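K.L.:
When you get a sec, could you give me coordinates for this:
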Amino acid sequence: MKKMLFILAFVTTLAHAALEKSPTDLYDMTHLMTNKTLVTVVPVPNVNEACERESRKRGFGGFGIAMEACSFWSGSVCTIYVPLRSNNDQLGHELHHCFSGSFH
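P.N.:
The predicted structure is shown next:
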């Protein structure tokens, strides 16, 4: 049973990763959800915990997968949760959500 759960988790992780674009791939920026937003970046010691908590607080039910960072947006306000040490890919990806919404 444990082996089956491990395989399922591994395949799910690979499927999620396959949906992601390369950091050098270009996005169509002509169909943004907004072009002006207030962004707050919240560095946290445990991203998974913070993202799951915020998702449930907003009524989304959680992510159910390991998160490197996450963002939540409503109208012209966007909040990004990142680890205490982050990188351009994590921050840039979440900032893209602030302007484009759910794109994957």
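
K.L.:
Least confident secondary structure element in this protein?
P.N.:
Each helix and strand of the chain was given a mean pLDDT (mean pLDDT, DSSP states H and E); the minimum falls on helix 2-19 at a mean of 39.

K.L.:
Quick one: the helices in the protein, in order.
P.N.:
2-19, 47-57, 88-100 (DSSP state H).

K.L.:
Quick one: mean pLDDT over the second one.
P.N.:
Confidence over helix 47-57 (mean pLDDT, whole number) is 95.

K.L.:
ok, and for it, which residues are buried?
P.N.:
Neighbour-count burial for helix 47-57 flags Val47, Asn48, Ala50, Cys51, Glu52, Glu54, Ser55 (criterion: 16 or more other CB atoms under 10 Å). (C-beta placed from N, C-alpha, C; glycine too.)

K.L.:
Can you lay out these as TSV showing distance to Val82?
P.N.:
Listed next are these as TSV, based on distance: CB to CB, whole Å:
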residue	distance to Val82
Val47	7
Asn48	12
Ala50	9
Cys51	10
Glu52	15
Glu54	13
Ser55	15
